[in-house]
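Engineer: when you get a sec, could you give me coordinates for this:
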Amino acid sequence: MKALVITASNRAASGVYEDRSGPVLVGLLRDAGASVTGPRVVPDGEPVRSALRDGLAEGFDVIVTTGGTGLTPGDLTPEMTRPLLDREVPGIAEAIRAYGAEKVPAAVLSRGLAGVAGSTLVVNLPGSTGGVRDGMAVLAPVLGHALDQIHGGDHRREA
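Structural biologist: Next comes the predicted model:
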């Protein structure tokens, strides 16, 4: 499984501070069995769409973004993601918000999306290290099955 991590952050991209959530996400995806590229740190907005397009063209199985999912005017990751998706998978994004809200009520404010673009699963996670950990706690157990389904696999059946 080939994964790409994209961090959407104006301040991290300009060197004001170091990206913290991207490296955490890389580690968690590796723990889930992925070969990971990134994090690619880009400013919010159109650069996120460009990074997503590049990742899709490179043929990653999964692209996970961190950052840009909140309510500030510059948080545009969902808007950059949605036009690239062929099908949304709302259950993933809903489960991530619900899981996070058990600890941090403001997790319900994340506008992150999940969906399929071609044969790539794309998931938006919040820009905090806690949000990334919570998101991967939801995503990691279903990631292999989701990718199997995207690539035409049958539903797994209990014996």
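
Engineer: mind saving the C-alpha coords of the helix ranked longest in the chain as PDB?
Structural biologist: The longest helix of the chain (DSSP state H) is helix 129-150. The C-alpha trace of helix 129-150 is given here as PDB (Å, rounded to 0.1, in the frame of the first residue of the first chain):
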ATOM      1  CA  THR A 129      -1.600  15.900  16.200                       C
ATOM      2  CA  GLY A 130      -4.600  14.700  18.300                       C
ATOM      3  CA  GLY A 131      -6.900  15.000  15.400                       C
ATOM      4  CA  VAL A 132      -4.500  12.900  13.300                       C
ATOM      5  CA  ARG A 133      -4.200  10.300  16.000                       C
ATOM      6  CA  ASP A 134      -8.000  10.100  16.300                       C
ATOM      7  CA  GLY A 135      -8.500  10.000  12.600                       C
ATOM      8  CA  MET A 136      -6.000   7.200  12.100                       C
ATOM      9  CA  ALA A 137      -7.600   5.200  15.000                       C
ATOM     10  CA  VAL A 138     -10.800   5.100  12.800                       C
ATOM     11  CA  LEU A 139      -9.100   4.800   9.400                       C
ATOM     12  CA  ALA A 140      -6.400   2.200  10.100                       C
ATOM     13  CA  PRO A 141      -8.700  -0.700  10.900                       C
ATOM     14  CA  VAL A 142     -10.700  -0.300   7.700                       C
ATOM     15  CA  LEU A 143      -8.000   0.900   5.400                       C
ATOM     16  CA  GLY A 144      -7.000  -2.500   3.900                       C
ATOM     17  CA  HIS A 145     -10.700  -3.500   3.300                       C
ATOM     18  CA  ALA A 146     -11.500  -0.100   1.800                       C
ATOM     19  CA  LEU A 147      -8.600  -0.400  -0.700                       C
ATOM     20  CA  ASP A 148      -9.500  -4.000  -1.500                       C
ATOM     21  CA  GLN A 149     -13.100  -2.700  -2.300                       C
ATOM     22  CA  ILE A 150     -11.800   0.200  -4.400                       C
END
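
Engineer: who does it touch, helix- and strand-wise?
Structural biologist: Helices and strands touching helix 129-150, as assessed by 3 or more C-beta pairs under 8 Å, 6 or more residues apart in numbering; DSSP states H and E, comprise helix 21-31, strand 62-66, helix 90-101, strand 120-125. All C-beta atoms are positioned from the backbone trio N, CA, C, and that covers glycine.

Engineer: list the buried residues of that helix.
Structural biologist: By 16 or more other C-beta atoms under 10 Å, the buried positions in helix 129-150 come out as 131-136, 138-139, 143, 146-147, 149-150.
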